[in-house]
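In: Build me a model:
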Amino acid sequence: MDVIDIVRYLGALAFVSALVVVAGLAARRYGLPGISAGTAQRRLAVVESLMIGPRHRVFLLRRDDREHVVLLGPQGATLIESGIAAAAPAVPVALPATPPKPLASAVASFESFLSRIPFVADALHD
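Out: Now for the predicted structure:
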């Protein structure tokens with residue numbers, strides 16, 4: 001085997017690899033029917049799943065702003081509940097900048113208790 005043959009084989013491998021990468025990028029960008037949806041909005045999503053037994057699992061599925069509860073087991077899929085209105089996304093709760101009044105008064109009373117102990121009072125003032 002000559003050096004020319006090895007270079008030819010490596011060049012062919014690089015060319016085929018580049019074709020595979022370009023085809024994958026094109027499939028992701030434009031979508032192929034049955035393989036990927038491209039940039040289309042997905043209508044179906046698994047919101048949550050829970051194992052309820054060694055061979056049974058419950059799924060919460062969302063489709064078009066409606067949720068459905070499905071039990072999946074060895075006998076097949078069973079629809080438990082259908083047409084539940086989708087829950088709104090949870091909004092994070094902002095914590096107040098100052099502690100609530102009961103906590104502030106508890107801290108103040110604890111500090112006054114500590115100030116009555118002589119060696120702790122000296123450490124607090126330093």
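In: Sketch out the strands for the chain, chain order is fine.
Out: 44-51, 57-63, 66-73, 76-85 (DSSP state E).
In: Tabulate the ones you listed (CSV), appending mean pLDDT, mean neighbour count and distance to residue 25.
Out: For the C-beta atoms, the positions are set from N, CA and C on the backbone; glycine is no exception. Converted to CSV, those look like this (pLDDT from 0 to 100; neighbours: other CB atoms under 10 Å; distance: least, CB to CB, whole Å):
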stretch, mean pLDDT, mean neighbour count, distance to residue 25
strand 44-51, 90, 10, 25
strand 57-63, 91, 16, 30
strand 66-73, 91, 15, 35
strand 76-85, 87, 10, 36
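In: export these to TSV and tack on distance to residue 105?
Out: TSV is the format used below for those (distance: least, CB to CB, whole Å):
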stretch	distance to residue 105
strand 44-51	42
strand 57-63	44
strand 66-73	45
strand 76-85	43
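In: quick one, which of those strands is nearest to residue 19?
Out: strand 44-51 (32.6 Å; CB to CB).
In: So what are the sheet partners of that closest one and their directions?
Out: The strands beside strand 44-51 in its sheet (DSSP bridges) come out as strand 57-63 (antiparallel).
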